[in-house]
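Asks: Pasting the sequence and the predicted coordinates here, then a few questions.
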Amino acid sequence: MLPTMVALSRRLTESTRRNGTATSFPPDWRVLAAVDRGFVRMVGKLEITGRFPDELRGRSVLVAANHIGMFDPFVLVAVSAKLGVPLRFMLTAGLLDAPVIGFFLRRAGHVRVDRGKSNVIEAFERAVERLRAARIPLLVYPEGRVSHDPGLWPERGKTGVARMALAGNVPVVTISQWGAHEAVYWGTETVTKPADFKPLVTSFGRALVNRPTFRVHIGGPVDLSDLSAGRPGDAMRAHKRIMQAITDGLVPLRQGELDKPRFHDPTRPTDAVSPWRPAP
């Protein structure tokens, strides 16, 4: 099960990175979310602070979260199930058309974006239109990958979330999380041989014994009311506000670990520097 979990997590990350970005409850979403919630409970303890704004339920919402490990998508789905917010991922056609995994993702109501062979501008416009019509919370990792910062602070990230929010006039809610990086090692960029699974399985087995705490904070809507899609520089200004909100919510979750994580993952690259890291 662990290899399948890691493969799905990596594909979710890559898909949201490419698309730049999940209050209806499809029956299959309920079933899969319940299974996920039980799985997360088996691995560790879940602590949630903050709340999803009631006024945004049943509306199109972009949910921006920091990315700290291969296990954190499962933590976020468990959080959304507990809060009664059916979080979805915006996924490319290739992932939703994949055998087995694609079937379950389609049944759970994740949002499809067909990239096709059109240019980037057309693909972006289609994604914005799909977001407007979805009327559900859609999750994206602005960083596009698990953070390579040595302290595991958010990376610089991309402006895709900000540009979509401004173009579609869609609110942005942030999620800050800590602890999911202790559930399973980062591993390797690609898993190609049986030996690549060894650090993943070993670290996951250790987590089952140690039962890490998964801390998640739901932030309020990010104020982008004074910004617009057509004004030069506003996408970057919106991006900075979103990333700063994620970082502000992260600080209380990792008290005592503000310099570096206590948990050391020797497989995670540390070749980037976070511009959002709080000053000492």
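Replies: Cool, got the structure. Just so we're clear, the structure is a prediction, and the values are computed from it rather than from any experiment.

Asks: how about the helices in the stretch 51-200 of the chain?
Replies: Ranges of helices within the stretch 51-200 of the chain are 72-83, 93-96, 101-107, 120-134, 160-168, 198-210, based on DSSP state H, counting those that start in this stretch.

Asks: Which among those is found nearest to Val40?
Replies: helix 72-83 (4.0 Å; C-beta to C-beta). C-beta: built from backbone N, CA, C; applies to glycine.

Asks: about what we covered before: where among the helices of the stretch 51-200 of the chain is average confidence lowest?
Replies: For those, mean pLDDT drops lowest on helix 93-96, to a mean of 64.

Asks: pLDDT below threshold where in the protein?
Replies: For the chain, the stretches flagged by pLDDT under 70 are 1-27, 91-96, 98-101, 104-105, 108-109, 111-123.

Asks: could you point out the longest strand in it?
Replies: Assignment by DSSP state E gives strand 213-221 as the longest strand of the chain.

Asks: Contacts made by the helix or strand just after it with the rest, please.
Replies: Heading C-terminal from strand 213-221, the first helix or strand you meet, by DSSP states H and E, is helix 234-250. With C-beta atoms under 8 Å, 6 or more residues apart in numbering as the test, helix 234-250 has contacts from 50, 64-66, 142, 153-154, 156-159, 161-163, 165-166, 172, 174-178, 217, 219, 222-224, 227-229, 276-278.

Asks: go with 7 Å
Replies: By C-beta atoms under 7 Å, 6 or more residues apart in numbering, the list of residues contacting helix 234-250 from outside reads 64, 66, 142, 153-154, 157, 159, 161-163, 165-166, 172, 174, 176, 178, 217, 219, 222, 224, 227-228, 276, 278.

Asks: Throw together a PyMOL command that grabs the buried residues out of those.
Replies: Paste this into PyMOL to select the buried members of those, with burial taken from 16 or more other C-beta atoms under 10 Å:
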select buried, resi 64+66+142+153+154+157+159+161+162+163+165+166+172+174+176+178+217+219+222+224+227+276
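
Asks: before we move on, back to that, within the sheet, what are the partner strands of the longest strand of the chain, with directions?
Replies: If you go by DSSP bridges, strand 213-221 pairs up with strand 45-50 (parallel), strand 172-178 (antiparallel).

Asks: Next, the angle from the shortest one to helix 72-83.
Replies: In terms of direction (axes from the mean of the first three to the mean of the last three C-alpha atoms, to 10 degrees), strand 45-50 departs from helix 72-83 by 60 degrees.

Asks: Convert strand 45-50 to PDB, retaining C-alpha atoms only.
Replies: Coordinates of each C-alpha in strand 45-50 appear next as PDB, following Å, rounded to 0.1, in the frame of the first residue of the first chain:
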ATOM      1  CA  LYS A  45      -2.500  12.000  15.700                       C
ATOM      2  CA  LEU A  46      -4.400  14.800  14.000                       C
ATOM      3  CA  GLU A  47      -4.700  18.300  15.500                       C
ATOM      4  CA  ILE A  48      -6.600  21.000  13.800                       C
ATOM      5  CA  THR A  49      -6.800  24.700  14.600                       C
ATOM      6  CA  GLY A  50      -8.800  27.400  12.800                       C
END
